[in-house]
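K.L.:
generate a structure from the sequence data that follows.
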Amino acid sequence: MFGPPGRVAVESRLPGLLEEREVDFCVVNGENAADGAGLTPKLADRILAAGADVVTLGNHVWRRMEIAPYLARSDRVIRPANLSVHAPGTGLAVQPARDGTPVAVVNLLGQLFLSPARSPFEIVDELVDEARSRTPVVLVDFHAEATSEKIAMARLLDGRVTAVVGTHTHVQTNDARVLPGGTAAITDAGMTGPHDSVIGVDADLAIQRMRTGMAVRFRPAEGDVRIEGVLVECGEDGLASSCESVRVMVDAL
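P.N.:
Numbers count the residues shown, from 1 in each chain. A predicted model of the protein is given here:
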């Protein structure tokens, strides 16, 4: 979810979309909610009020430091589990779906260009085992730059989790699928926000920085606002039966 356009789309359209698609559980990545970088406590509460059951984060988690004490006490807003063990917050949440079924959400940060404190591949087994001890329905938000990392994580966890959903690149990929072991996967769920942009940023400003190499203050773009994500269906055993990318033009809702 990117900046004010993404927030408006979520707050105004998400409740109806969840009802229309008969969604039992909703995860929103709030990484870019606060003007394109980070999340504030107020915005976290607004995303939850709009219908998200769990909010995940990523490499911009500390861009708004007021989120730190909020993460320390929240059981519905989580940050990547492979950040420093001394940082506040957790990388695993378990919340009930609409029908009462517990759903576990794991948040991890990729290695390439993002430099987390620990490799996600070193800690994922322990996290998944903990999640599966509480419920068979487990979703992994893997916030990573590299396509290879995301695909490798999905293959590693095939049959052990319900879904591995890639986030971070802001570009929805055309590879939503269910792997042979029953794990739904997509390399990137896409961006809820302004698509008449450079991954959410006003295009002229992004181009100016790239052409000149000079510091340019970015601001969110405004046009062509879309809601993007992925819809996964699964059974009581936690194995996925379908995985469908979702793209909704906000003006068409």
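K.L.:
can you tell me the centre-most residue of the protein?
P.N.:
N29 (3.2 Å; Cα atoms, centre = their mean).
K.L.:
just checking, that one touches G166?
P.N.:
No: using Cβ atoms under 8 Å, N29 makes no contact with G166, being 10.2 Å away. Placement of C-beta: from N, CA and C, glycine included.
K.L.:
between the two, which contacts overlap?
P.N.:
Counting by Cβ atoms under 8 Å, 6 or more residues apart in numbering, the shared contacts of N29 and G166 are H143, A189.
K.L.:
the residue nearest to the centre of the chain: what's it in contact with?
P.N.:
Taking Cβ under 8 Å, 6+ apart as the criterion, N29 is in contact with M1, V55, T56, L57, G58, D141, H143, T167, A189.
K.L.:
how much space between it and L43?
P.N.:
N29 sits 13 Å away from L43 when distances are taken as Cβ to Cβ, to the nearest Å.
K.L.:
over to C234?
P.N.:
Taken as Cβ to Cβ, the span from C234 to L43 is 29 Å.
K.L.:
the more surrounded of these two?
P.N.:
Set C234 next to L43 and count neighbours by other Cβ atoms under 10 Å: C234 wins out with 25 against 21.
K.L.:
now do the contacts for that one.
P.N.:
V137, T162, A163, A184, A240, S241.
K.L.:
and those, which are buried?
P.N.:
Neighbour-count burial (16 or more other Cβ atoms under 10 Å) applied to the contacts of C234 gives V137, T162, A163, A184, A240.
K.L.:
which pLDDT value does the model give the second one?
P.N.:
Right, T162. Here, the pLDDT recorded for T162 equals 98.
K.L.:
same question, the fourth one
P.N.:
According to the model's per-residue confidence, A184 sits at a pLDDT of 98.
K.L.:
what does the one 3 residues further on give?
P.N.:
According to the per-residue confidence, T187 scores 98 in pLDDT.
K.L.:
do a quick rundown of the helices in the stretch 51-200 of the chain.
P.N.:
Using DSSP state H, counting those that start in this stretch, the helices of the stretch 51-200 of the chain run over residues 67-73, 120-132, 147-156.
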